[in-house]
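Enquirer: Sharing a sequence plus its predicted fold:
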Amino acid sequence: MSSLIDSFTTELRRGTLTLAVLSQLQTPQYGYSLVQRLEQAGVSIEQNTLYPLLRRLEKQELVTSNWDTSESRPRKYYIISDYGQEIFEKLKTEWLTLATELTTLLQGDGQS
């Protein structure tokens, strides 16, 4: 049973991680800082999940990246693109609607 729960949990989290990551890229973030920000908000994400997601978002032109080589350790910073911002706003609206609907269903409306 726990493997079934794990499978469902993974499915639920998969789409929400994209929304969570986009929400935190309003300002430039590098991978580790992004992991920290998400974890501070209670969203755990492993680096082996985050980096492929960032690469996919960049390929889809939802985020852009730039290398900062001004410090001894170069870092790749990601930020949401204008197109990514449009997609994020639509996804956020969709998520809020869905969350409201599911909350109503899960709390029950008094009908049987």
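Expert: Structure received.
Enquirer: how about stretch 59-66 as PDB, C-alpha atoms only?
Expert: Output of stretch 59-66 as PDB, limited to C-alpha atoms (Å, rounded to 0.1, in the frame of the first residue of the first chain):
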ATOM      1  CA  LYS A  59      14.200  24.500 -23.500                       C
ATOM      2  CA  GLN A  60      10.500  25.400 -23.400                       C
ATOM      3  CA  GLU A  61      11.600  29.100 -23.200                       C
ATOM      4  CA  LEU A  62       9.800  29.600 -19.800                       C
ATOM      5  CA  VAL A  63      13.100  30.500 -18.100                       C
ATOM      6  CA  THR A  64      16.400  32.000 -19.300                       C
ATOM      7  CA  SER A  65      19.800  31.500 -17.700                       C
ATOM      8  CA  ASN A  66      23.100  33.300 -17.500                       C
END
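Enquirer: That stretch: how far from the chain's middle?
Expert: 14 Å (C-alpha atoms, centre = their mean, to the nearest Å).
Enquirer: try stretch 66-75
Expert: That offset, for stretch 66-75, works out to 24 Å (C-alpha atoms, centre = their mean).
Enquirer: Which residues does it contact?
Expert: Pro28, Tyr30, Lys76, Tyr77 (C-beta atoms under 8 Å, 6 or more residues apart in numbering). The way it works is simple: take the backbone N, C-alpha and C, and place the C-beta from them, glycine included.
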